[in-house]
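Novice: fold the following for me, if possible:
(chains A and B)
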Amino acid sequence: MAPPKAFDKFREVQEELGRSGAAIFRDANGLESLVIRFPYSIDYIHSYAEDSPFFLGLAQGKLLGSRCTKRDCGFRYATPRSHCMECGSPTEWIELPKQGRVHSWTTCHFGSEAFLSETPYNLALIEFDGADSVLLVRLKECVESQIYVGMPVEARFSLTPKYSITDVWFIPAK
Amino acid sequence: MPARAPKRSQARTPAARPKPSRSSGGRRVYMVTGGVTKFAKAHPAMDFRLMVKRAYDYAARGIPNLTKDRIDGTRISYFSDHFSRQLKAASMVQDYLGLNPKGSVRIEWGGATGGECFQAAYEAVASGRMDVCLSAGYETMSRVATWKGNEFIALASDTNFDFPLGGFYTGYYALMVVRHIYEYLRRGKFAHVTDEREAQRLAIAEGQRIMSWISVKNHINALHNPYAQYPKRLTVDDVLRSEMISYPLTREQICTMSDGAAVALLCDEARAKEFTDKPVRVTGVGCGTDTMRLADRPFGKVPLLPHERAADYAHLQYPGVHSFRAGRSAGLEAYRMAGITDPKRELDFIELHDAYASSEIQTYEDLGLCRYGEGYDFTLSGAPFLKGLDYGLEVPKAGEIPVNPSGGLIACGHPVGATGLMQAVFAFWQLQGTVKKHFGDATLQIPNARRGAIHSHAGTGSSVTVSILERGF
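Specialist: Numbers count the residues shown, from 1 in each chain, chains lettered A, B, ... in the order given. Prediction:
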């Protein structure tokens, strides 16, 4: 069998790895390094554990936050936590309003490999009346030039839930 | 319509409470030598062990007759098991350096991994557990394609609530700077503009322009640093015209992935005097933290530095998503220990974690080089630029407090586990006055530098370290 092909540019090595899985990189001093390519994939078994009601709620078209049960605390979380970060007490589930406002935002023209096919997409932190923290979501049905801090938005839910935070997104308020 | 920030009782923010003063406890700790490999997109002819070995050998040459029996143990850092795909990789570094059976532990703390490793070595010496401790770090990010690498990095965000939305750190930093611009430019320089959307557009355009100054500064500084990955002469227009990655951040405002290694050797006073006539003392260490999720950040009060007053921030909800409370906390702790009350006057330079041009400006404020809200004007004043370099910009106050004289992460690269140690090495050479010897070019040497700070930053600001280094001779 022929030995792996040698290249002086690492970019060319990477291209060759895509074709044959092995290549030789030759550096400026003529030193040759054998480079190989191999896959690595894993299926995880992931429990949402104490966060489960939030994701089950999304599948029912509900946006759940949580509220500290300690009377003189009562912190309301728009991104739920099962224990209060202020006082350490347990929280209880509350339903958040489906309307909110953009607290901050961006349009991503790139993303992780897993999300590249979805670009460009908007991210927004949403603030709600009666909540003390915010929620990070995708913002859809609008483009970069239309989004601003303070923009009124409303929630939409997936009819085919994947039990992910992407089961909810926001759009400009109608 | 301006956004109403979530209302929050300010009394509940724990960081606003005064902290009992702490002792600077422990033994005096000195840095006596350091080494760095050139940071590069890929180092296919060196694996992580050899990279660290090269940096170590360079450092060892800085001390005549240093033999490995003088080293009591090590702290070894790398960020990602995913990039390494080799668990216990730090054991393999220890092994390759021939330092078994001495004590060693691996340090990981996100983007602040290198800074934490430096402080872990500090603690080993300060406590008396070791007289001489080697801190060594590396990262090999070239082992996957860029966008897979971004995915690995984004696994350092909450994988239930944040990652599935795009898994993209540049997106998180864009969210933070859009709010920073809103707080300080929309509500500052553009407060007079009545049309809300027009005001925000103008403010973002101004923010982008000023962030580009940071990229210009750091890339031009790096022209004189042979270890830097991306030295280049850029203009503000070049930066603004580079590819939009996550609005409003463009490609040239963002650091890249790198392969590289760095080491710093720390020891007690007796050993320091024996090893070198130019030791550098670590006079302050600080570490701060914040919530993993941006969405959980409180809206409370600013923990004040000695030169600030509560009235300065009467209407500011802090940290929100616009500032790094962890950076402020780390600075407070390190400054208190080093006896610094006005960092801009009392520090000669800072090497800080500019993973994004935006976070360099945010960090000026966290570290008290200017007040919160003044970061943009501080940049335009030229204060963080080096004196005597041609940036193609008007920088009247250049040299006042140079920030990232090395070129920072934006121009040097960011091999995560090495980055914080790289800062320590560059700061060490500045304080020794040996930049010319190590860079082959004296341009970046700050004349008579006596005290500097290094700043290492993780996540969306979920942990930050600050260390103060001073001439010990």
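Novice: in the longest helix seen in chain A, what counts as buried?
Specialist: The longest helix of chain A (DSSP state H) is helix A:10-20. Residues of helix A:10-20 classed as buried: A:Phe10, A:Val13, A:Gln14, A:Glu16, A:Leu17 (neighbour count, 16 or more other C-beta atoms under 10 Å in any protein chain shown). Heads up, the C-betas are built off the backbone N, CA and C, glycines and all.
Novice: output the contacting helices and strands for it.
Specialist: Helix A:10-20 sits against strand A:22-26, strand A:32-36, with contacts defined as 3 or more C-beta pairs under 8 Å, 6 or more residues apart in numbering or on different chains; DSSP states H and E.
Novice: is any residue of the first one near chain B?
Specialist: Yes - with C-beta under 8 Å from any C-beta of the partner chain as the threshold, strand A:22-26 lies in contact with chain B, specifically through A:Phe25.
Novice: residues contacting that strand, please?
Specialist: Applying C-beta atoms under 8 Å, 6 or more residues apart in numbering or on different chains, the external contacts of strand A:22-26 come out as A:3-8, A:10, A:12-13, A:16-17, A:32-37, B:44-45.
Novice: can you do 7 Å?
Specialist: Residues from elsewhere that reach strand A:22-26, judged by C-beta atoms under 7 Å, 6 or more residues apart in numbering or on different chains: A:4-8, A:10, A:13, A:16-17, A:32-36, B:44-45.
Novice: buried subset of those?
Specialist: The neighbour count (16+ other C-beta under 10 Å) marks A:Pro4, A:Phe7, A:Phe10, A:Val13, A:Glu16, A:Leu17, A:Ser33, A:Val35, B:Pro44 as buried among the contacts of strand A:22-26.
Novice: tabulate the residues you listed in a markdown table, adding columns for distance to B:Pro343 and pLDDT.
Specialist: A markdown table is the format used below for these (distance: C-beta to C-beta, whole Å; pLDDT from 0 to 100):
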| residue | distance to B:Pro343 | pLDDT |
| --- | --- | --- |
| A:Pro4 | 54 | 95 |
| A:Phe7 | 49 | 96 |
| A:Phe10 | 41 | 90 |
| A:Val13 | 46 | 94 |
| A:Glu16 | 51 | 96 |
| A:Leu17 | 48 | 94 |
| A:Ser33 | 45 | 96 |
| A:Val35 | 46 | 96 |
| B:Pro44 | 41 | 91 |
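Novice: now for those, which pair is the farthest apart?
Specialist: A:Pro4 and A:Phe10 (14.2 Å; C-beta to C-beta).
Novice: figure out how far the lowest-mean-pLDDT helix or strand in chain A is from the centre of its chain.
Specialist: Here the helix or strand of chain A ranked lowest by mean pLDDT, DSSP states H and E is helix A:10-20, holding a mean of 93. Distance of helix A:10-20 from the chain centroid (C-alpha atoms, centre = their mean, to the nearest Å) equals 30 Å.
Novice: what do you get for stretch A:155-167?
Specialist: Taking mean C-alpha positions (C-alpha atoms, centre = their mean), stretch A:155-167 and its chain are 13 Å apart.
Novice: who in the stretch 301-450 of chain B is up against chain A?
Specialist: Proximity of the stretch 301-450 of chain B to chain A is confined to B:Val321 under the rule C-beta under 7 Å from any C-beta of the partner chain.
Novice: quick one: the strands in the stretch 301-450 of chain B?
Specialist: B:318-319, B:349-351 (DSSP state E, counting those that start in this stretch).
Novice: which elements pack onto the longest one?
Specialist: Yep, that's strand B:349-351 we're talking about. For strand B:349-351, the packing partners by 3 or more C-beta pairs under 7 Å, 6 or more residues apart in numbering or on different chains; DSSP states H and E come out as helix B:416-432, strand B:451-458.
Novice: looking at these, which is buried most?
Specialist: Per residue and on average, the most neighbours among those fall to helix B:416-432, with a mean of 30 (mean count of other C-beta atoms under 10 Å in any protein chain shown).
Novice: what residues of stretch B:314-325 count as buried?
Specialist: The neighbour-count check on stretch B:314-325 (16+ other C-beta under 10 Å) flags B:Leu316, B:Gln317, B:Tyr318, B:Pro319, B:Gly320, B:Val321, B:His322, B:Ser323, B:Phe324, B:Arg325 as buried.
Novice: who touches that stretch?
Specialist: Contacts of stretch B:314-325 (C-beta under 7 Å, 6+ apart): A:104, A:125, B:5, B:8, B:15, B:175-176, B:179-180, B:183, B:288, B:290, B:294, B:297, B:299-302, B:362-363, B:365-366, B:372, B:461, B:464.
Novice: now for the nearest residue in space to B:Val32 that is not next to it in sequence: which residues touch it?
Specialist: Spatial nearest neighbour of B:Val32, excluding adjacent residues (C-beta to C-beta, 6 or more residues apart in numbering or on different chains): B:Phe275 at 4.5 Å. Residues in contact with B:Phe275 (C-beta under 7 Å, 6+ apart) are B:Val32, B:Ile63, B:Leu66, B:Cys267.
Novice: name the helices or strands packed onto the strand of greatest length in chain A?
Specialist: Longest strand in chain A by number of residues, with DSSP state E as the criterion: strand A:99-108. Where contact means 3+ C-beta pairs under 7 Å, 6+ apart, strand A:99-108 is packed against strand A:121-127, strand A:152-157, helix B:169-181.
Novice: hang on, the earlier thing: can I get the strands of the stretch 301-450 of chain B in CSV including distance to B:Ile204?
Specialist: Converted to CSV, these look like this (distance: least, C-beta to C-beta, whole Å):
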stretch, distance to B:Ile204
strand B:318-319, 20
strand B:349-351, 27
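Novice: mind listing the strands for the stretch 101-250 of chain B?
Specialist: B:103-107, B:132-140, B:244-246, B:249-250.
Novice: could you single out the most deeply buried of those?
Specialist: Taking mean count of other C-beta under 10 Å, strand B:132-140 is the most buried of the strands of the stretch 101-250 of chain B, at a mean of 29.
Novice: where's that strand relative to the chain centroid, distance-wise?
Specialist: Between the centre of strand B:132-140 and the centre of its chain there are 16 Å (C-alpha atoms, centre = their mean).
Novice: now swap in stretch A:58-71 and tell me
Specialist: That offset, for stretch A:58-71, works out to 20 Å (C-alpha atoms, centre = their mean).
Novice: contacts for it, please.
Specialist: Residues outside stretch A:58-71 that contact it (C-beta under 7 Å, 6+ apart) are A:53-54, A:57, A:74-78, A:80-82, A:84, A:86-87, A:89-96, A:98, A:131, A:155, A:157, A:161, A:163, A:167-168.
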